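S.K.: below are the sequence and a predicted model; questions follow.
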There are 4 protein chains.
Amino acid sequence: MSESAVPLMSARLGKGFSRELQEHLVGRMLDESRRMFYAYFAVDRAHTVMLAERGIITADQARQILRELERIEALGPDGFRTDPAYDSFLPQVERAMTERIGEDIAGRMHTGRSRIDHDAAVLRLHTRDQLLRVMDRLLDLQRSILRLAAEHVTTLMPGYTHLQHAQPVTLGHHLLAYAEMFARDRARFADCRRRLNLLPLGSGALAGSPYPLDREWVARELGFERVTANSMDAVSDRDFVAEFVFAAALTMVHISRLAEEIILWATPEFGFVHLQDAFSTGSSIMPQKKNPDPLELARGKSALAIGSLTSLLALLKGQALTYNRDLQEDKRPLFETADDLLLTLELLTEFLPGLRFDTERLLEQAGAGFSLATAVADYLVGKGMPFRKAHGVAGAIVRFCETEGRDLPQVRLEEYRRFSELFERDVYDILTIESALEARSGVPGSAAPSLVRAAAERILAETADA
Amino acid sequence: MSESAVPLMSARLGKGFSRELQEHLVGRMLDESRRMFYAYFAVDRAHTVMLAERGIITADQARQILRELERIEALGPDGFRTDPAYDSFLPQVERAMTERIGEDIAGRMHTGRSRIDHDAAVLRLHTRDQLLRVMDRLLDLQRSILRLAAEHVTTLMPGYTHLQHAQPVTLGHHLLAYAEMFARDRARFADCRRRLNLLPLGSGALAGSPYPLDREWVARELGFERVTANSMDAVSDRDFVAEFVFAAALTMVHISRLAEEIILWATPEFGFVHLQDAFSTGSSIMPQKKNPDPLELARGKSALAIGSLTSLLALLKGQALTYNRDLQEDKRPLFETADDLLLTLELLTEFLPGLRFDTERLLEQAGAGFSLATAVADYLVGKGMPFRKAHGVAGAIVRFCETEGRDLPQVRLEEYRRFSELFERDVYDILTIESALEARSGVPGSAAPSLVRAAAERILAETADA
Amino acid sequence: MSESAVPLMSARLGKGFSRELQEHLVGRMLDESRRMFYAYFAVDRAHTVMLAERGIITADQARQILRELERIEALGPDGFRTDPAYDSFLPQVERAMTERIGEDIAGRMHTGRSRIDHDAAVLRLHTRDQLLRVMDRLLDLQRSILRLAAEHVTTLMPGYTHLQHAQPVTLGHHLLAYAEMFARDRARFADCRRRLNLLPLGSGALAGSPYPLDREWVARELGFERVTANSMDAVSDRDFVAEFVFAAALTMVHISRLAEEIILWATPEFGFVHLQDAFSTGSSIMPQKKNPDPLELARGKSALAIGSLTSLLALLKGQALTYNRDLQEDKRPLFETADDLLLTLELLTEFLPGLRFDTERLLEQAGAGFSLATAVADYLVGKGMPFRKAHGVAGAIVRFCETEGRDLPQVRLEEYRRFSELFERDVYDILTIESALEARSGVPGSAAPSLVRAAAERILAETADA
Amino acid sequence: MSESAVPLMSARLGKGFSRELQEHLVGRMLDESRRMFYAYFAVDRAHTVMLAERGIITADQARQILRELERIEALGPDGFRTDPAYDSFLPQVERAMTERIGEDIAGRMHTGRSRIDHDAAVLRLHTRDQLLRVMDRLLDLQRSILRLAAEHVTTLMPGYTHLQHAQPVTLGHHLLAYAEMFARDRARFADCRRRLNLLPLGSGALAGSPYPLDREWVARELGFERVTANSMDAVSDRDFVAEFVFAAALTMVHISRLAEEIILWATPEFGFVHLQDAFSTGSSIMPQKKNPDPLELARGKSALAIGSLTSLLALLKGQALTYNRDLQEDKRPLFETADDLLLTLELLTEFLPGLRFDTERLLEQAGAGFSLATAVADYLVGKGMPFRKAHGVAGAIVRFCETEGRDLPQVRLEEYRRFSELFERDVYDILTIESALEARSGVPGSAAPSLVRAAAERILAETADA
């Protein structure tokens, strides 16, 4: 082992442990580094250029280092051969470089920084990349939903409270509720990005740096908005991880609600939607059985995201400043949640267009169960009856219908008038689901098809701009 | 029971249950309503005025309703007598009003809304009030920290990684790390407020409203930025609760870190800080024992906040649209977390000024353990030695000192030069903690006292504006 | 304030805090003490008798103390007037006693113990009482399920995987799955009780006691199985709280599954079960709407229990020995989870007998969707065809039926034989749901009605013994 | 693709998804299967033998299948080549077998079972193996602690409450507190094993089996205690996973407490213990710096275990019976928690013997802070003074000492007698830490060295038997 190995090795767990344990620990750290491969090189490159600009190393030294960085990066995360004697990509890259251009040059790249602020910078850069991918895929999912909603602006279906029929709505309106949720999710990721997008490099191990570093230049070069303001906070701050995972967990919770609904709609009993073979699993023996596995996996993964958030907050709780090795354990919940979210967004985006809604079945159920009873009450209020009284009268009419085995449009005017003299012929105008829905067109946010169409177009325009 | 009681009772759990269970369930709902007392009246008032403006009720009806609302609100949350026959403040208020002005008037207040959008509006209003109080108290806490930091801009102390001495910092710099955390927390609450601050009223039970409601007017009147965009989302959205509780949990986690540190600093072994009797518990028999109970409670409460967030996300996961009664269970985690956070912020704000730091002990520990070793390495790099080599040399010098039982400033120049000919007399200029720290003044965010002073002033100015 | 107040006050948070904060903190501690009222007196009584037996106090002193304890306990948790100067029932009771029999006697009750081991003993005793109540109510719920299962041993219904029809089962078999879950839950509580049921009193603040206490006697007197083995562990151990809350959370998760299913079954689309008015909430205007609120609350409360468990584990994580004030925060998650679980068990036990299953609808759905396809495959295997091949043939027959618009029993023998010559007339014997089910009677645990009946009787017998 | 591939493929996600998504999903399932490699073969073997015993397949068919199973198992988890067309080891093994012995034989192995009960059996078997390994390593850790405790039965150190000095204890006593915790942990795993150790095979997809399976024989063969009692419960029960992860999380919480303490003890300020180079990470430049990384990792991993438990409970909450694909997501939290726990137990077991305690420093701190004040109070109680009064007197003496700058043994008898005439010469007998501790030898569980020695021996004997 070369002499330089000693300092490089410094943060590696000691030799007292069994070889098996050491390999396990190092192996995991290298796997985690590998995931952030490109972020490592971006940070190394910017730092090197800045060191030369500031005269901390010479232009020639910088050139040699940059050439080597380029060469190693080109090997890619899988092509780059690691040495089991070193535990993360920081010493691995320096080692590989030292072999070719000697320690006198390679050893200068790390001037003015520590493992700790370097790791923090790499983690932020990597997380930002993941976050941007998530925002893109959220947009894809939203477009997928909007297209479906646009097809079903006027498709009537029952609206539920307590999973019981409450009032009819349209499928388009129902789907747009999810577009709203995912829009909030995107906004949360955007807020997270603002707070994440600061450069910690230059904070040293915890106390800053005595070298004349140009942190602002490095920040700009790496696309960070500004530099972190306090070195001790900068090296121990993982708020951006917790906030990313929270935004992800809430997005997954929204997805779990959508998944739950489609799973219900696809049961034989609901029969609202048909899954296509190509997007479900089946049974060799019951060919008509189509299991909504992608939705069940999505729902299941939402539980994992919740647990990852728990892990992170419990991890950070009660940690004294500044860096403690506990922080290495932030990676698994972060990486897994990002992976799961990206995968799930893709799954859903591919899955949704394959749904075939049974609009007749939806219509049939939309009209079931005296769903126009509130329209009757509203009619009476419109004629001047106090709200509570109108509700009482409408309830009495429904009970009458139940006894008679009739539905509201089948009640004759004279019968209506037995309940209240305010009823006139125009009551039948409101006794269709369509009229009941369109009567809501004056109040923003309502389920009236005209509003739904406008909303779908508005959101589509917004997502087009994004 | 009056006839009108029937509709009012409608959402009350049925009579099949034992009296004990019924009382328990109603009692809890009333307690929760009581906490949101003023929000109830604000919403009722704005809705009533709007109904009259839009001609849905007459000006005279509105006047009578408003007069009654004023009368009942004046009774206050504890003075308002509830009736065990009704389960929330919505029917309670209507019942109380009906007794005095009759159902024909009182029963009109609820026109154009449902329990569900009404509850959603009340909950948002109440949560916004809590959020604003939290932001205020966070500001108080930050000021408390800033004052302490300003006193200790030049107070030297050891800086830690892995809870081992790494490099000296100043206490002011250390405390400002927390000012950064709390600034991020305030920003998160501000972001949460934007997303929360929308009016759901007018969404009806789930499908919107056929009445010509002026939702925008009500929104403005209640200080909401705009109205919600989709009625089905609006009645089932509890993102704002989850987001508030996440922001609170992360704030509590930051507080737990500060608490942990002061608890350590107050141990006899650290001896960095003395708690005052007035802010701790003691032992009658060991008068010198001062237990940091407020900090331990704060640390403990951070665990409860994490669990509350877990509860909320698990609650929302997999819920089909729209309203389900599960949502009633969002109140306990929300209310308890808000209470705990407000209490803890107040506790800390009162507690911090009572701390008495032992600056001599801090200084003594700041200088312990060859804390200037990195300064020696940086000196050599400044003279042109490659970074890795300089680290190796400095390490060798430290080992020499250990063997000799000396500290770095006690090493003679000729001895230094035995390790490297780059050493000159000016090496002694950097061999004080003060110079080592001030050498960092060129890099933003570093622990140099001049930077710390500027940072304290900047944040103080920001919090003054807030 | 009497002189003796000083030592009594010792563990009270200092006077530096605002009156409001102090009142809040003390108020909450008193509320928590009040919940454990009877446990306080049980512990005080046993300790006092033992002190006298061991000659640490005189028989006369003991008699006076016991008389006062009896008097105060008789006031009950609501009748006992507390003094805002003291923060828990330990000093409150001593104060009340001192007023009547003087400090010279009253002050001896606390001999040989500390607040810390005393609190630990009270908490264990109280938790044990809650645990025993939970076990009783779990038994009630199981009986409720068993009665329902016994009624429906032969009621056919579809069995689901992926919420799609898989194979027919009986409702009785389905319900007994829950009886199994709740039996495991009871076993977990029983295991928890064994580990909980140790006496920590006599551990002092952390180091044990120099008085000749008879811990074993006190343990027996209070129904504890033995004394704790290590004083430092004893005063800081809250495993029993975590374990109780875990057992409760898992029970609540089981309840949430049952709740979810009945909610689905009660939708108009499933139509498997009718809720009675007396056990649901309704709508004044849609009298046929019956909302399954108790089930939704149960499902929601399961989320709270999960969060409480998270809180407790995060609370305990990383705590240095021995007692830290953080531990006070174990009470809220413990008490709330116990309350919620007891309430939910009672809700369900009262609710289940009110369910009215629509056995015709269940039967209709049980037979839908080629549910006998696997029976056809099994028939072929019975005739010697390899399993995989038999599945392929059965699948082909189902596809044939789909094309023809027929169901399996309607396929003629010659048609069957076109798919395989192994088919004979006896194939029609297995083409009823009943025969398909009863064919399973040879394998324990299967859905065959004869097995289900036996299982219901076995569990009923077990619960009768309990 | 062979014809038989179709049924084998049946549970594979459809072709509608992008190739990338499909590969990702299949890849993960195969990785998870690979971990349970040996459990797959154990289950297949037992099932095959039983099928032959019951005459469901012929002896010759069984022989051929068993020979192939043996051959494939011998390839090991890494040697067995999987086919991307199949998603788990169930079809993979059948495919590999079909290639050599044809579908007519290979296809019979799956007779009388479904993927669902098969997966459940494999998961239980694998979890049981993990559980037994955990119990073994817990025993190793306990022995490690006991050896350390035995070395330090009489090593005095300060005992803490609120992380403040309370009363002296011995290091042996302190360490045995952890032996108690780990003993409870082992008991919890043992309880979990009992509930886990049931065979679900024979439950089919959900309704049991029409084949004359001998479930009891298979159960015995695989070391299960008995068969599960209800087929619907058996295929959807994951209680054993939740219970295992709870037991693991609580064990990790105990480990986190031990880790936290040693981290504190290793700070320069405490200076109670020295880490060896071989078991810590260091700094190349500050050779005396030894970072307790293994302990920090252990503490961090405890947070992950808490989150995994959250994930599992949130996953199970609200799932309708029976199998849903969500359940696939139970594997990650289970596997990761088991891995982390096993790794951490090993880390600690190797780490603890490397600790070097500074017994002089411990003794010095044990005696600091009037740690004998309670002994003085107890002395007075022994002479007949009421407890509260004695505490007041002792407190007054301590305040006198503080003013005088003296410690309790330095107070002269006449001075003592100024506080109370009960003081006699024998007061000096109790004014050593040793006597104060040994005075506790009469009360079980106390910190008296004689008791500690006995306790260490008792537990060592227990662990030897285990």
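M.R.: Structure's in. What do you need?
S.K.: quick one, strands of the stretch 101-250 of chain A?
M.R.: Ranges of strands in the stretch 101-250 of chain A, per DSSP state E, counting those that start in this stretch, are A:156-161, A:164-170, A:198-199, A:226-227.
S.K.: dump those into TSV; add distance to B:Met385 as well.
M.R.: Glycine gets a C-beta too; all of them are placed from N, C-alpha and C. Below are the strands of the stretch 101-250 of chain A laid out as TSV (distance: least, Cβ to Cβ, whole Å):
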stretch	distance to B:Met385
strand A:156-161	73
strand A:164-170	74
strand A:198-199	27
strand A:226-227	27
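S.K.: out of those strands, which is the most enclosed?
M.R.: strand A:164-170 (a mean of 27; mean count of other Cβ atoms under 10 Å in any protein chain shown).
S.K.: partners of it in the sheet?
M.R.: strand A:156-161 (antiparallel) (DSSP bridges).
S.K.: in the stretch 1-150 of chain A, which spans are helices?
M.R.: All helices of the stretch 1-150 of chain A, identified by DSSP state H, counting those that start in this stretch, fall at A:5-9, A:19-35, A:37-53, A:59-79, A:89-101, A:103-106, A:115-151.
S.K.: near chain D at all, the shortest one?
M.R.: No - shown here: helix A:103-106 not in contact with chain D (Cβ under 8 Å from any Cβ of the partner chain), separated by at least 13.4 Å.
S.K.: against which helices or strands is that helix packed?
M.R.: With contacts taken as 3 or more Cβ pairs under 8 Å, 6 or more residues apart in numbering or on different chains; DSSP states H and E, helix A:103-106 sits against helix A:59-79, helix A:89-101, helix B:387-404.
S.K.: got the contact list for the second one?
M.R.: So that's helix A:89-101. Helix A:89-101 is contacted from outside by A:2, A:4-5, A:8-9, A:30, A:33-34, A:36-37, A:40-41, A:44, A:64-65, A:68-69, A:72, A:80-83, A:86, A:105-107, A:109-110, A:115, A:118-119, B:388, using Cβ atoms under 8 Å, 6 or more residues apart in numbering or on different chains.
S.K.: what's the helix or strand encompassing A:Phe351 packed up against?
M.R.: Element membership for A:Phe351 (DSSP states H and E) is helix A:331-351. Secondary-structure packing of helix A:331-351 (3+ Cβ pairs under 8 Å, 6+ apart): helix A:19-35, helix A:115-151, helix A:239-265, helix A:293-316, helix D:19-35, helix D:293-316.
S.K.: okay, the angle between it and helix A:19-35?
M.R.: Interaxial angle, helix A:331-351 versus helix A:19-35 (axes from the mean of the first three to the mean of the last three Cα atoms, to 10 degrees): 50 degrees.
S.K.: from the middle of its chain, how far away would helix A:331-351 be?
M.R.: Distance of helix A:331-351 from the chain centroid (Cα atoms, centre = their mean, to the nearest Å) equals 8 Å.
S.K.: please apply the same query to stretch A:439-452.
M.R.: Worked out by Cα atoms, centre = their mean, stretch A:439-452 lies 29 Å from the chain centre.
S.K.: buried stuff in it?
M.R.: Within stretch A:439-452, the residues that count as buried by 16 or more other Cβ atoms under 10 Å in any protein chain shown are A:439-449, A:451-452.
S.K.: number of nearby residues for the closest residue to chain D within the stretch 151-300 of chain A?
M.R.: Relative to chain D, the nearest point of the stretch 151-300 of chain A is A:Ala278 (3.0 Å; Cβ to the nearest Cβ). Here the number of neighbours of A:Ala278 (other Cβ atoms under 10 Å in any protein chain shown) works out to 13.
S.K.: give the residue farthest from the middle of chain A.
M.R.: Distance to the chain centre peaks in chain A at A:Glu414, reaching 56.5 Å (criterion: Cα atoms, centre = their mean).
S.K.: A:Leu131 and A:Arg194 touch, don't they?
M.R.: No - A:Leu131 lies out of contact with A:Arg194 (Cβ atoms under 8 Å); the separation is 10.8 Å.
S.K.: among these two, which residue is more densely surrounded?
M.R.: Higher neighbour count among A:Leu131 and A:Arg194: A:Leu131, with 22 against 12, using other Cβ under 10 Å.
S.K.: mind listing what that one touches?
M.R.: Counting by Cβ under 8 Å, 6+ apart, A:Leu131 touches A:Phe189, A:Cys192, A:Arg193, A:Leu196, A:Phe244.
S.K.: just the buried residues of the residues you listed.
M.R.: Applying 16+ other Cβ under 10 Å to these flags A:Phe189, A:Cys192, A:Arg193, A:Leu196, A:Phe244 as buried.
S.K.: just want the phi and psi numbers for A:Thr267.
M.R.: phi -70, psi 150 (degrees, to the nearest 10).
S.K.: show the contacting residues for it.
M.R.: A:Thr267 touches C:Leu163, C:Gln164, C:Glu269, C:Phe270, counting by Cβ under 8 Å, 6+ apart.
S.K.: let's have those residues in CSV, adding pLDDT and distance to D:Arg418.
M.R.: Shown next, in CSV, are the contacts of A:Thr267 (pLDDT from 0 to 100; distance: Cβ to Cβ, whole Å):
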residue, pLDDT, distance to D:Arg418
C:Leu163, 96, 83
C:Gln164, 94, 88
C:Glu269, 96, 88
C:Phe270, 97, 86
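S.K.: fine by me, we can end here.
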